[in-house]
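Here's a sequence, model it:
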Amino acid sequence: MNVFFEESGDFKVGTVLSQAGEAYQVELPSGKRSKVKGKDVLIQFDKPEPEALLGAAKGIAAEVDLDFLWEVAGQEEFGFMELGAEYFGHAPLPSEAAGLVLALHAAPIYFHKKGRGRYKAAPEQTLKAALAGIEKKKQQAIVQAAYVDELKAGKLPQAMQPIVHQLLFKPDKNTIEYKALEAAASELQTTAPRLMLRTGGLASPKELHMSRFLFEHFPRGAGFPQLEVPQAPGDLPLADVTAFSIDDVTTTEIDDAMSVVWLDDGTVQVGIHIAAPGLAIRPDDAIDKVARARMSTVYMPGDKITMLPDEVVDAFTLAEGKDCPALSLYAVLNPADWSVLSTATRAERVPIKRNLRLNEIDAVVTEEALNAGSGEYEHKKELGLLWQWALHLEAGRMKKREAFGLKPEQANRVDFNFYVEDDVVSIVRRKRGAPLDKIVAELMIFANSTWGKLLHDSGVPGIYRSQGPGAGGWNAKIQVRMVTHAAPHQGLGVDQYAWSTSPLRRYTDLVNQWQILACASHGVTAPLVAPFKHRDATLFSIVSAFDAAYAAYNDFQQNMERYWCLRWLGQEHAKQVDAVVLKDEVVRLVEIPLVARLAGMPQLARGAQVRLDIVRWDEVDLSLEARLLEVAAQAPDASLELEEEEEGDTGEAALAEVVEAEGVVAAVTTEDGVEVPANAGTA
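Numbers count the residues shown, from 1 in each chain. Here you go, the predicted structure:
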């Protein structure tokens, strides 16, 4: 005797070897033996042979007219043998019965299974809906196949053109467009972004990187709504100073300027003047909401996305020839020992005589010229005095750093400025610690530290950058964090450091400016009138949001700088280049701040000079492949000493950030000498 039975949702045949009660010992055509329960046996038969029956049953199942079978079945539950008699017009043969079972089982939209060998026809409306769904899927499959063919032919289907970014960065994986894109990329052995570049969905790798960033952080676009430009109070006093700024040629958001006045008693008054949008923008007004949503200006070589609308920037930037609203910090100095005799903070209008540009005067205002008093350049006398005070301030910070247990800063590395015009990039080397950079940096650090102390002494919270050991005690890794109370910044060598000098391009600085204005205007009652109070939940949320946004913007800037470094290789037809060893297998090119990992490179000292053969680079995944040609005989590059000594230290007081990681640009010049890059201004 042979049996046709169901096992684990599959139908099988076999010869019965023995029976014990309701259980059969069955030998399958493959020779395997199996124990089958009686309730799983659907058909018992003697002829034909099991394997022949199964073959015949499959043929019969393929020929069954499911629509006719559904009509014959009616709406009552039935057994397959009953339906077989109706369908075939006679008691079904074993092969016919088995074929009917296979057909019923394979058509769940027509027949719902109710038990072993028992079924019920699907309701008419349910069947129609299911058939419509199947037809829709067939049509979608045809459309999807057409999309795949177009993509493989290098053409972007029209339906995909409006949703390119959606498909790449946040796709609905159930759509036929996404499935077609993935299928075509797989068949072509490429990736979706590269296929979009090939078909014209993206114009260039640059657009790919920009689009990914904008899609995530500016989903509604980087433009601004129509906003009314607020006006500073009209009764601000006019400062009796002649101020000037020092910035990169690309800088449009001029936040800071300075002035020097020699007083009759032999002392000197140095003014640090910061643009004051906080005099007009108020917490929770329309412009504040825009600035809070962005948190910072986004910088990249050749372009930027400003935190504030251009018309607002234009109203408050410290442009030459204008009397600009400013928050001024005045320090009266004794030139004999450069001690600070007094400080004062006030809101006023400041006459800006000149916007000095680094590209115009950097080569003239050298350390040698400042020390010797030689050369001719604008504001020579003021810059000479500010240089001497900057050296004194730096020495004081270095002493403080040593008291914190840190080594003095090194200023012997090279920074790089990026300039992009008409998609042509220039990468200019610039020595760290140039005099003009140092003057600006030291004055801004002094202002941020002084105003941080003013907030603390006034009992008003602010947003501080703090740097010191994290959890784990004195020998724990140095960490930088943002807090709302005064705390030392060991890397800078100051007791407190509140970001306050860039309110046009950092939201934290705008917040601190509101708080400082309250202190300057209201004295001891400042805690009552300051926009943010101690333990203010809004202030904490600003700190958290700024940290996240600033980190994301910084990552994007570094990616774009790496992209332009790779573009530079092609632009300059670079085949062989010089590099220096950062550590282990990581090297940095000499002419541009491009970092790469050379797998298998022999152990070399930090700063060792090497020559590389450029094999290939990829502007899509920002990778660089190179091989070592030779190791130079000269001494290691001393410009890398700081990287080893300050590993784990952010080095904000230096004029650049250095990130020792594969795939990250090694140096970024900053605009105010502390944090934000000038090289990314508008070209």
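
contacts and neighbour counts: CA atoms only from here.
Fine.

Tell me the spacing between residue 89 and residue 96.
Relative to residue 96, residue 89 is positioned 11 Å away (C-alpha to C-alpha, to the nearest Å).

what about the two, which has more around it?
Between residue 89 and residue 96, counting by other C-alpha atoms under 10 Å, residue 96 is the more crowded of the two (22 against 9).

In three-state terms, label the nearest residue to the more buried one once chain neighbours are set aside for me.
Leaving aside its sequence neighbours, residue 96 sits nearest to residue 57 (C-alpha to C-alpha, 6 or more residues apart in numbering; 6.2 Å). Of the three states, residue 57 takes helix under DSSP: H, G, I helix; E, B strand; the rest coil.

Same check on the one 3 residues further on?
Reducing the assignment to helix, strand or coil with three-state DSSP, the entry for residue 60 is helix.

Test my guess that it contacts residue 97.
No. Contact criterion C-alpha atoms under 8 Å: residue 60 and residue 97 do not qualify, at 9.3 Å.

and the two? which has more neighbours close in?
Shown here are residue 60 and residue 97; by other C-alpha under 10 Å, residue 97 has more neighbours (25 against 18).

Give me the pLDDT for that one.
pLDDT, residue 97: 94.

Spit out the contact partners of it.
With contact taken as C-alpha atoms under 8 Å, 6 or more residues apart in numbering, residue 97 is in contact with 43, 57, 80-81, 84.

Distance check, residue 120 against residue 81.
Separation of residue 120 from residue 81 (C-alpha to C-alpha): 13 Å.

cool, and residue 202?
Distance from residue 202 to residue 81, by C-alpha to C-alpha: 62 Å.

Which residue of the two possesses the greater neighbour count?
residue 81 (22 against 19).

which of the residues in whichever strand or helix holds that one are buried?
Assigned by DSSP states H and E, residue 81 belongs to helix 80-88. By 16 or more other C-alpha atoms under 10 Å, the buried positions in helix 80-88 come out as 80-81, 83-84, 87.

Check stretch 605-614 too.
Per 16+ other C-alpha under 10 Å, stretch 605-614 contains these buried residues: 606-614.

How far away from the center of its chain is stretch 183-191?
Its chain's C-alpha centre and that of stretch 183-191 lie 26 Å apart, by C-alpha atoms, centre = their mean, to the nearest Å.

List the buried residues of that stretch.
Buried-residue list, stretch 183-191, by 16+ other C-alpha under 10 Å: 183-185.

Equivalent analysis for stretch 372-382, please.
Applying 16+ other C-alpha under 10 Å to stretch 372-382 flags 380, 382 as buried.

list the helices and strands the helix or strand where residue 215 lies packs on?
When elements are assigned from DSSP H and E, residue 215 belongs to helix 205-217. On a contact count with 3 or more C-alpha pairs under 8 Å, 6 or more residues apart in numbering; DSSP states H and E, helix 205-217 meets helix 164-169, helix 537-571.

Could you point out the helix or strand that follows it?
Counting by DSSP H and E, what follows helix 205-217 is strand 243-247.

In the protein, which residue sits furthest out from the middle?
Relative to the mean C-alpha coordinate of the chain, counting by C-alpha atoms, centre = their mean, the farthest residue is residue 90 (72.6 Å).

From the centroid of the protein, which residue is nearest?
Centre-nearest of the chain using C-alpha atoms, centre = their mean is residue 552, 3.8 Å out.

Quick check: the gap between that one and residue 504.
Per C-alpha to C-alpha, residue 552 is found 19 Å from residue 504.

now do residue 165
31 Å.

And these two? Which one has more around it.
Using other C-alpha under 10 Å, the more surrounded residue of residue 165 and residue 504 is residue 504, with 28 against 20.

Quick check: that one touching residue 256?
No. With contact defined as C-alpha under 8 Å, residue 504 does not count as touching residue 256 (10.0 Å).

now the top strand by length along the chain: how far from the chain's centre is it?
Secondary structure of the chain per DSSP state E: the longest strand is strand 339-357. Relative to the chain's own centre, strand 339-357 is displaced by 36 Å; criterion: C-alpha atoms, centre = their mean.

what sits up against it?
236-249, 257, 273, 318-334, 517, 520-521.

quick one: buried residues of that strand?
345-356.

can you redo the contacts of residue 97 as CSV with pLDDT and distance to residue 562?
Below are the contacts of residue 97 laid out as CSV (pLDDT from 0 to 100; distance: C-alpha to C-alpha, whole Å):
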residue, pLDDT, distance to residue 562
43, 92, 72
57, 93, 65
80, 91, 69
81, 92, 73
84, 91, 72
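
so what's the backbone phi/psi at residue 498?
Main-chain dihedrals, residue 498, degrees, to the nearest 10: phi -110, psi 120.

Now do the contacts for the closest residue to it other than its chain neighbours.
Closest residue to residue 498 apart from its sequence neighbours, by C-alpha to C-alpha, 6+ apart: residue 464 at 4.2 Å. Shown in contact with residue 464 (C-alpha under 8 Å, 6+ apart): 452, 482-487, 496-499.

Which parts of the stretch 1-150 of the chain are helices?
Taking DSSP state H, counting those that start in this stretch as the criterion, the stretch 1-150 of the chain carries its helices at 50-63, 66-73, 80-88, 94-105, 124-152.

Nearest to residue 570, out of those helices?
Taking C-alpha to C-alpha, helix 124-152 is the member of these nearest to residue 570, at 27.8 Å.

So which other helices or strands are in contact with that closest one?
Counting contacts by 3+ C-alpha pairs under 8 Å, 6+ apart, helix 124-152 packs against helix 176-187.

quick one: average confidence on the helix it packs on?
94.

what angle separates whichever strand or helix holds residue 258 from strand 339-357?
Residue 258 is part of strand 256-262, with elements assigned from DSSP H and E. With axes from the mean of the first three to the mean of the last three C-alpha atoms, to 10 degrees defining the directions, strand 256-262 sits at 120 degrees from strand 339-357.

Just the CA trace of strand 256-262, in CSV.
Listed next in CSV are the C-alpha coordinates belonging to strand 256-262 (Å, rounded to 0.1, in the frame of the first residue of the first chain):
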residue,chain,number,x,y,z
ASP,A,256,34.9,91.3,15.9
ALA,A,257,37.0,94.5,15.7
MET,A,258,39.5,96.2,18.0
SER,A,259,40.7,99.6,18.9
VAL,A,260,43.6,101.2,20.8
VAL,A,261,43.5,104.6,22.6
TRP,A,262,46.5,106.0,24.4
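
Show me which residues of it are buried.
Residues of strand 256-262 classed as buried by neighbour count (16+ other C-alpha under 10 Å): 256-261.

Quickly check the residues you listed for the two that are furthest apart.
The distance between the two most remote of those (C-alpha to C-alpha) is 17.2 Å, for 256 and 261.
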